[in-house]
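**Q** sequence isn't available, so here's the structure alone:
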């Protein structure tokens, strides 16, 4: 299943972008008209420009991101990532957030929709 | 957040229906026009009658279901369940399937959409 492999690679690349702080490659994963909703229930960031602004906003914090992938599933043209995002300032204690992301892809394998599922019960301080 | 509590209770009731083999209460959780897609990428079971038929089909197997909830998240009018479904015949070895279900609820707290994310990599035989 070539499509499944391709989409699994996209899911991995998505987390890799966070890990390596690589905005350019991360943004290339999205379609022009993509919508990002994080967390679900809040207004979506619609379009690549808005998604870039979301990245910039998050990266204004003096933090490093260490995503730990736990499961990647591809179903048709959708994907699911189960992962823990560890966020910490240089040398300091951090926050671990347990997240489920649901992706919709277009025929080119680009993300058209990303919905992040987490709430206040999903975060923990870590040393 | 009364709504969040109500929807979390619906998520718990959904798994409880599987656990107690209670089709009536399980089916009451769905809106009349609900769609169930399991796994995502396959044709949806549209409408309560089709969802009841899905239940019947699954329960034709001489199996018991033991869902183990791992995380329940409510985001706006959507919900996420992370759980392991253990399926086994009377006294025999079983199958553990790791699943993420995404729910959409209407204003009455009834399920209008259920999408199950799992693939062939999510199952394991267990003694």
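**A** Here it is on my side, so go on. Since this is a predicted model, take the numbers as computed values, not measurements. Numbering: from 1, shown residues only, chains lettered A, B, ... in the order given.

**Q** quick check: residues of chain A near chain B?
**A** Contact residues, chain A versus chain B (C-beta under 8 Å from any C-beta of the partner chain): A:4, A:39-42, A:71, A:73-78, A:80, A:82, A:98, A:100, A:102, A:115, A:117-119, A:121-122. Every residue, glycine included, has its C-beta placed from N, CA and C.

**Q** give me that answer again for 10 Å
**A** A:1, A:4, A:8, A:37-42, A:70-82, A:98-100, A:102, A:104, A:115-122 (C-beta under 10 Å from any C-beta of the partner chain).

**Q** just the buried residues from those residues, in ChimeraX please.
**A** Here is the ChimeraX command that selects the buried residues among those (16 or more other C-beta atoms under 10 Å in any protein chain shown):
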select /A:4,8,37,38,39,40,71,72,73,74,75,77,78,79,80,81,82,98,99,100,102,104,115,116,117,118,119,122
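
**Q** can you flag which of the residues of chain A next to chain B belong to strands?
**A** Counting by DSSP state E, the residues of chain A next to chain B place A:37, A:70-75, A:78-82, A:98-100, A:102, A:104, A:115-117 in strands.

**Q** so where is chain A shaky, pLDDT-wise?
**A** In the predicted model, chain A carries pLDDT under 70 at residues A:1-2.

**Q** for it, which segments count as helices?
**A** A:2-20, A:23-27, A:48-58 (DSSP state H).

**Q** list the buried residues for the longest one?
**A** Along helix A:2-20, the positions that meet the burial threshold by neighbour count (16+ other C-beta under 10 Å) are A:4, A:7-8, A:10-11, A:14-19.

**Q** now that helix, how far from the centre of its chain.
**A** In terms of C-alpha atoms, centre = their mean, to the nearest Å, the centre of helix A:2-20 is found 10 Å from the chain centre.

**Q** for the second one, same thing?
**A** Averaging C-alpha positions (C-alpha atoms, centre = their mean) puts helix A:23-27 11 Å from its chain's average.

**Q** got the contact list for it?
**A** Residues outside helix A:23-27 that contact it (C-beta atoms under 10 Å, 6 or more residues apart in numbering or on different chains): A:13-20, A:34, A:48-49, A:51-52, A:55-56, A:59.

**Q** let's see that with 7 Å instead.
**A** Identification of contacts with helix A:23-27 by C-beta atoms under 7 Å, 6 or more residues apart in numbering or on different chains yields A:13, A:17, A:48, A:51-52, A:55.

**Q** likewise the last one?
**A** With contacts defined as C-beta under 7 Å, 6+ apart, helix A:48-58 is touched by A:23, A:26-27, A:30, A:32, A:34, A:36, A:45.

**Q** tell me the one among those nearest to residue B:87.
**A** Distance to residue B:87, by C-beta to C-beta, is smallest for residue A:36 among the contacts of helix A:48-58, at 35.5 Å.

**Q** could you check how far that closest one is from chain B?
**A** As judged by C-beta to the nearest C-beta, to the nearest Å, residue A:36 and chain B stand 14 Å apart.

**Q** and that residue, what is it in contact with?
**A** A:44-45, A:51, A:54, A:114.

**Q** ok, now which ones touch the residue nearest to residue A:76 when sequence neighbours are not counted?
**A** Of all residues not flanking residue A:76 in the chain, residue B:41 sits nearest, at 2.4 Å (C-beta to C-beta, 6 or more residues apart in numbering or on different chains). Applying C-beta under 7 Å, 6+ apart, we find residue B:41 in contact with A:75-76, A:78.

**Q** which of those residues sits closest to chain B?
**A** residue A:76 (2.4 Å; C-beta to the nearest C-beta).

**Q** just to revisit the earlier point, show me which pair in the contacts of helix A:48-58 is furthest apart.
**A** A:23 and A:32 (16.4 Å).

**Q** so between those two, which is more surrounded?
**A** Per other C-beta atoms under 10 Å in any protein chain shown, whichever of residue A:23 and residue A:32 has more neighbours is residue A:23, with 14 against 9.

**Q** alright, I will stop here.
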